[in-house]
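Asks: mind looking at a prediction? Sequence and model below.
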Amino acid sequence: TSLQALFNSRMLKKWEFEAAYEWMDMLKLPEEVIMLMVQYCIDVKNTDVSFKYMAKVAIDWAESNILSVEAAEEYISEYQARYSGAARVLGHLGIKNRTPNKEEVNLYDKWVKEYGYTIDTILYACRETTCITNPNMRYLDKVLTNMHSVGVVEKKRVTEYIKLKDAHGLRVKAILGELG
């Protein structure tokens, strides 16, 4: 497959081909890795993707030592899993009109990798965002960070924690109601 073939009907300019050759020459990325990287960028941004964006990705891949087809495929697979998880969380929060941005994917990473939450637990914790007008991942991050700080990680414990918190809130409301 040629570089031009990846872009379907979009005709690449001379300087765009030169940029791709520069990634091989300056960054020492093999041609096969560049082709995978370009396809990855097209998958993320579509064929309108700018070569300026792809140059940043190429630098990132070179600095991350993604220099083989295997390393590139592994990176793409991991990214797709992270992206997919973040997209599921957005959908659960009622945000269905856009894809996750980099900050949201990074939050998802933090919850899974640092905190040890499963996707099911994260989706269950989304119910804690219903108390705000526009549920979002930043608010969910506060919820999950609070739970993590008190050692609540497994779904069973998250369920218990939320039930206990809700019961406590009802008791406080009842007391405040009696006080007038």
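Replies: Thanks, I have it.
Asks: look up the closest residue to the residue nearest the centre of the chain, ignoring the ones flanking it.
Replies: What sits nearest the mean C-alpha location of the chain, by C-alpha atoms, centre = their mean, is V105, with 1.9 Å. Spatial nearest neighbour of V105, chain neighbours left out: A86 (4.7 Å); criterion: C-beta to C-beta, 6 or more residues apart in numbering. Every C-beta, even on glycine, is put in place using the N, C-alpha and C of the backbone.
Asks: so what's the residue count around the one you found?
Replies: 26 (other C-beta atoms under 10 Å).
Asks: state the mean pLDDT of the strand or helix carrying it.
Replies: If you go by DSSP states H and E, A86 is part of helix 69-92. For helix 69-92, the mean per-residue pLDDT is 94.
Asks: just checking, what packs against that helix?
Replies: On a contact count with 3 or more C-beta pairs under 8 Å, 6 or more residues apart in numbering; DSSP states H and E, helix 69-92 meets helix 31-45, helix 102-109, helix 119-125, helix 137-149.
Asks: circling back: isn't the residue nearest to the centre of the chain up against S84?
Replies: No - the criterion here is C-beta atoms under 8 Å, and V105 misses it with S84 at 9.9 Å.
Asks: same list (the helices and strands packed on helix 69-92) but as CSV, adding mean pLDDT and distance to A20.
Replies: Listed next are these as CSV, based on pLDDT from 0 to 100; distance: least, C-beta to C-beta, whole Å:
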stretch, mean pLDDT, distance to A20
helix 31-45, 93, 6
helix 102-109, 94, 23
helix 119-125, 92, 36
helix 137-149, 93, 35
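Asks: please name whichever of the ones you listed is nearest to E70.
Replies: Each of the helices and strands packed on helix 69-92 was scored for nearness to E70 using C-beta to C-beta, and the closest is helix 31-45 (9.8 Å).
Asks: right, and the helix or strand after the closest one?
Replies: helix 51-63.
Asks: residues making contact with that following helix?
Replies: Outside helix 51-63, the residues within contact range by C-beta atoms under 8 Å, 6 or more residues apart in numbering are 15-16, 19-20, 23, 27-29, 33-34, 37-38, 40-41, 45, 67, 72, 75.
Asks: now that helix - C-alpha only, PDB.
Replies: Output of helix 51-63 as PDB, limited to C-alpha atoms (Å, rounded to 0.1, in the frame of the first residue of the first chain):
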ATOM      1  CA  PHE A  51       0.600  16.400   8.400                       C
ATOM      2  CA  LYS A  52       1.400  18.800  11.200                       C
ATOM      3  CA  TYR A  53      -0.600  16.500  13.600                       C
ATOM      4  CA  MET A  54       1.000  13.400  12.100                       C
ATOM      5  CA  ALA A  55       4.500  15.000  12.600                       C
ATOM      6  CA  LYS A  56       3.700  15.300  16.300                       C
ATOM      7  CA  VAL A  57       2.600  11.700  16.400                       C
ATOM      8  CA  ALA A  58       5.700  10.600  14.500                       C
ATOM      9  CA  ILE A  59       7.900  12.400  17.100                       C
ATOM     10  CA  ASP A  60       5.900  10.900  19.900                       C
ATOM     11  CA  TRP A  61       6.300   7.400  18.500                       C
ATOM     12  CA  ALA A  62      10.100   7.900  17.900                       C
ATOM     13  CA  GLU A  63      10.500   9.200  21.500                       C
END
